[in-house]
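Asker: Predicted model, plus sequence, below.
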Amino acid sequence: SSTVLTVDVAASHLLLISTLAKLGDTQDQAKSRETVAKVAEEYLARDWRSATGEKEKGAEFNSQVEKILMVLLSSSKQVVEVMEQLCKEGVTPVIGSKEGTSDTFP
């Protein structure tokens, strides 16, 4: 996942691996879902920048982040805990900061 350079490729990558995770036996699916959730968390924690070095933003970026969030939530065993983490480490710092950013989820 470190070679993924853009958020749209990251979202497509997650959709692909989450689909592949649904194949196989039940034990393989459970392990694969954990891996998908981990990759989704890594992508959410990444500071996405354009080719020019500017911070990604806008409707298209938000749409890709939404896809990543959906994959994370659908792949997580503990959805409530994930939501709690996103609120505490993602939303609350953004609301409380002048810059509108979160250290955990830039």
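Answerer: That came through, no problem.

Asker: Tell me the gap between the host helix or strand of T19 and the middle of its chain.
Answerer: If you go by DSSP states H and E, T19 is part of helix 7-21. Computed by CA atoms, centre = their mean, to the nearest Å, the chain-centroid distance of helix 7-21 equals 10 Å.

Asker: so where's the longest helix in the chain?
Answerer: helix 26-45 (DSSP state H).

Asker: thinking again about what came up before, list the buried residues for the helix holding T19?
Answerer: The neighbour-count check on helix 7-21 (16 or more other CB atoms under 10 Å) flags V7, D8, A10, A11, H13, L14, I17, S18, A21 as buried. Glycine gets a C-beta too; all of them are placed from N, C-alpha and C.

Asker: and of those, the nearest to L86?
Answerer: L14 (15.8 Å; CB to CB).

Asker: ok so, going back, which other helices and strands does the helix holding T19 contact?
Answerer: helix 26-45, helix 59-75 (3 or more CB pairs under 8 Å, 6 or more residues apart in numbering; DSSP states H and E).
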